[in-house]
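**Student:** only geometry, no sequence info:
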């Protein structure tokens, strides 16, 4: 049975999944891994974890980037669980939660090398935008935005 739970980044299952994600990203980000790791080691109040029969299989989060703009963070699904709509479900729930919290748009950053993630975000209505914040000038980053309200 699939369940999605609201929690925070202090949750042990979230820490476990994001550690797996970070390990995966070492191969993707290469020399830039320390740069990205610095921006991912923050407390996040709005976290979702997806469980299948009480086993954590995916996660995602959002935090305020600026008033009315939520930044989607730490989207990850275990490789063996991909292709089942889990990431779409998590992202839908994050957008709904962000909208209910007063945000009108979501932004995110992903690696240009994560083609399946970019395809998912495009399918979910995100559009590529100029890189923002710490990602300005980072050629391996793709930034995206979606109006949610």
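**Tutor:** Perfect, I can see it now. Please read these numbers as outputs of a predicted model, since none were measured by experiment. Numbers count the residues shown, from 1 in each chain.

**Student:** could you point out the longest helix of this protein?
**Tutor:** helix 12-29 (DSSP state H).

**Student:** counting neighbours, what do you get for the nearest residue to residue 62 once chain neighbours are set aside?
**Tutor:** Of all residues not flanking residue 62 in the chain, residue 70 sits nearest, at 4.3 Å (C-beta to C-beta, 6 or more residues apart in numbering). For glycine as for every other residue, the C-beta is placed from the backbone atoms N, C-alpha and C. Using other C-beta atoms under 10 Å, residue 70 is surrounded by 27 other residues.

**Student:** for residue 70, list each beta-bridge partner.
**Tutor:** Beta-bridge pairing for residue 70 (DSSP bridges): residue 64, residue 106.

**Student:** look up how far residue 82 lies from it.
**Tutor:** 24 Å (C-beta to C-beta, to the nearest Å).

**Student:** quick check: what element follows the helix or strand of the chain with the lowest mean pLDDT along the chain?
**Tutor:** When the helices and strands of the chain are scored by mean pLDDT, DSSP states H and E, helix 33-40 comes last with a mean of 56. Once the chain leaves helix 33-40, the next helix or strand it forms, by DSSP states H and E, is strand 46-52.

**Student:** give the other helices and strands that that next one contacts.
**Tutor:** Using 3 or more C-beta pairs under 8 Å, 6 or more residues apart in numbering; DSSP states H and E, the elements in contact with strand 46-52 are strand 2-7, helix 12-29, strand 55-66, strand 69-77, helix 86-100.

**Student:** and the first one with helix 86-100, angle?
**Tutor:** Meaning strand 2-7. Our comparison of strand 2-7 with helix 86-100, counting by axes from the mean of the first three to the mean of the last three C-alpha atoms, to 10 degrees, yields an angle of 40 degrees.

**Student:** mind listing what's buried in strand 2-7?
**Tutor:** 4, 7 (16 or more other C-beta atoms under 10 Å).

**Student:** contacts for that strand?
**Tutor:** Here strand 2-7 makes contact (C-beta atoms under 8 Å, 6 or more residues apart in numbering) with 13-14, 46-52, 86, 89-90, 93, 97.

**Student:** mean confidence score for that strand?
**Tutor:** The average pLDDT for strand 2-7 rounds to 97.
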